[in-house]
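*Asks:* my questions concern the predicted model and sequence given below.
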Amino acid sequence: MQLKDVGEFNFIRHIQDNTIHDPSTVITGIGDDCAVYSAKEETDQLISTDTMVEGVHFSFHYMKPYDVGYRLMTANLSDIAAMGGTPRQIVLSVAAPEYVDTAILDEVYRGIKDQCAKYYLNILGGDTVCTEGPMVWTVTIIGDVPKGTAIMRSGAQVGDIVGITNYVGYAATGLGALSYNLDGYHMTKVGHQRPDPQIELGQQLRQLGIHSMNDISDGLGSELNEIASASNVSIVIEEKAIPLHEETYELAKYLQTNPVDYALYGGEDFQLVFTAPKSLLSKLENLAGITIIGEVVSGPAQVQMVTPDKTIKTIEAKGYNHFHES
């Protein structure tokens, strides 16, 4: 059945089940002009928005509708993770062609709802409209963090160590394998289609007392440059320390490309990069999924990488940019 046959309001009624997973913070959910929620005392509120456009951020040629919803939620949850916060509520909107099969929309919502259920996140409302263009999904997420403890990009200090969570270049590897219709690459294909946010690690890092943090949505090079610029420091990383998955090396060999470029410029890993005082090194090493890749030094706001042959390369902020002119 197509969206035009169902109508906006019938569709909204159809998808509003299983939207509240933490009723303790909700006064009024879907069904009024505004939702009403209560903020926990002694917290600072966090808010962020992400949009995914068909043909730009996703394609049904290599992603199932469920994956689109799952990945959209990960992008939003990752912003909360980067502040060391806890996700609480979302509102979401979709612009879809009137001829779209509602079964596709149902599956996107199922992906969204499964992520919301996993993180006890409430869906408080949103909007559904028709468009003559590609499908567009937008989520605004609200979270919180204990008052005065949000981790900013601007907190890096000279002498800090630089760390990262799990693998980077993972999603770009999966996208490459899917784009070239290659067999294998199961781990990184799933990493592209259904990445997971690092909510728990973000909270643990905040509790340890790290100085700065950023989520890796546009590539490690871009995110490190954002920290360096916001903190007015230089960052030096070791290429050989960057955690790359074996499938990244495999794809790079097949395509005759540089494997580290998938990490530096690929994006959409939704991992975390952070800086922390050296005194935390032993505690960080005891956290699963943490790799130390460099340090913060005095100097101009820039990022440099030491290659295995000891060449020093300046890493520019050239991750994915919607408005970049090539």
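*Replies:* Cool, the structure landed.

*Asks:* can you give me the strands for the protein?
*Replies:* Along the chain, counting by DSSP state E, strands occupy 26-28, 36-37, 43-53, 86-96, 122-130, 136-146, 161-165, 212-215, 234-238, 272-276, 290-297, 302-306, 312-314.

*Asks:* mind giving me the packing neighbours of the first one?
*Replies:* Counting contacts by 3 or more Cβ pairs under 8 Å, 6 or more residues apart in numbering; DSSP states H and E, strand 26-28 packs against strand 36-37. For glycine as for every other residue, the C-beta is placed from the backbone atoms N, C-alpha and C.

*Asks:* average pLDDT across the strand it packs on?
*Replies:* Across strand 36-37, the average pLDDT comes to 96.

*Asks:* what's that strand packed up against?
*Replies:* strand 26-28.

*Asks:* paired strands for the strand it packs on, with orientation please.
*Replies:* strand 36-37 (antiparallel) (DSSP bridges).

*Asks:* the strands of the chain: which one's closest to residue 62?
*Replies:* Proximity to residue 62 (Cβ to Cβ) singles out strand 43-53 among the strands of the chain, at 14.4 Å.

*Asks:* with just CA atoms, put the closest one into CSV.
*Replies:* What follows is strand 43-53, C-alpha atoms only, in CSV (Å, rounded to 0.1, in the frame of the first residue of the first chain):
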residue,chain,number,x,y,z
THR,A,43,21.6,17.9,34.8
ASP,A,44,22.5,20.0,31.8
GLN,A,45,20.3,19.3,28.7
LEU,A,46,21.9,18.1,25.4
ILE,A,47,20.2,18.5,22.0
SER,A,48,21.3,17.6,18.5
THR,A,49,19.8,17.0,15.1
ASP,A,50,20.8,14.8,12.2
THR,A,51,19.3,14.4,8.7
MET,A,52,19.7,11.6,6.2
VAL,A,53,18.7,12.1,2.6
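
*Asks:* specify the angle between it and strand 86-96 in degrees.
*Replies:* 30 degrees (axes from the mean of the first three to the mean of the last three Cα atoms, to 10 degrees).

*Asks:* how about strand 43-53: buried residues?
*Replies:* 43, 46, 48, 50, 52 (16 or more other Cβ atoms under 10 Å).

*Asks:* and of these, the nearest to residue 213?
*Replies:* The closest of these, once distances to residue 213 are taken by Cβ to Cβ, is residue 46, at 12.8 Å.

*Asks:* residues near the residue nearest to the closest one when sequence neighbours are not counted, how many?
*Replies:* In space, and not counting its chain neighbours, residue 46 is closest to residue 143: 4.2 Å by Cβ to Cβ, 6 or more residues apart in numbering. Counted with other Cβ atoms under 10 Å, the neighbours of residue 143 add up to 27.

*Asks:* contacting residues for residue 143?
*Replies:* Residues near residue 143 by Cβ atoms under 8 Å, 6 or more residues apart in numbering: 45, 46, 47, 80, 83, 85, 86, 87, 88.

*Asks:* pick the one among those residues closest to residue 293.
*Replies:* Once Cβ to Cβ is applied, the member of the contacts of residue 143 that ends up nearest residue 293 is residue 83, at 21.1 Å.

*Asks:* test my guess that that closest one contacts residue 202.
*Replies:* Yes - between residue 83 and residue 202 a contact is recorded at 7.3 Å, counting by Cβ atoms under 8 Å.

*Asks:* more crowded one of those two?
*Replies:* Shown here are residue 83 and residue 202; by other Cβ under 10 Å, residue 202 has more neighbours (27 against 24).

*Asks:* contacting residues for the closest residue to residue 185 other than its chain neighbours?
*Replies:* Computed as Cβ to Cβ, 6+ apart, the closest residue to residue 185 that is not its neighbour in sequence is residue 177, at 3.6 Å. Neighbouring residues of residue 177 by Cβ under 8 Å, 6+ apart: 184, 185, 188, 189, 247, 251.

*Asks:* state the pair within those that is farthest apart.
*Replies:* The widest separation within the contacts of residue 177 (Cβ to Cβ) is 10.7 Å, between 189 and 251.

*Asks:* for these two, indicate the residue with more neighbours.
*Replies:* Legend: neighbour count by other Cβ under 10 Å for residue 189 and residue 251, higher for residue 251 (25 against 20).

*Asks:* joint contacts of residue 83 and residue 202?
*Replies:* 151, 213.

*Asks:* what does the pLDDT read for the residue nearest to residue 314 when sequence neighbours are not counted?
*Replies:* Once flanking residues are discounted, residue 314 sits nearest to residue 304: 5.5 Å by Cβ to Cβ, 6+ apart. Looking at residue 304, its pLDDT reads 98.

*Asks:* can you spell out which residues form a bridge with residue 304?
*Replies:* residue 236, residue 314.

*Asks:* that one and residue 111, how far apart?
*Replies:* 39 Å (Cβ to Cβ, to the nearest Å).
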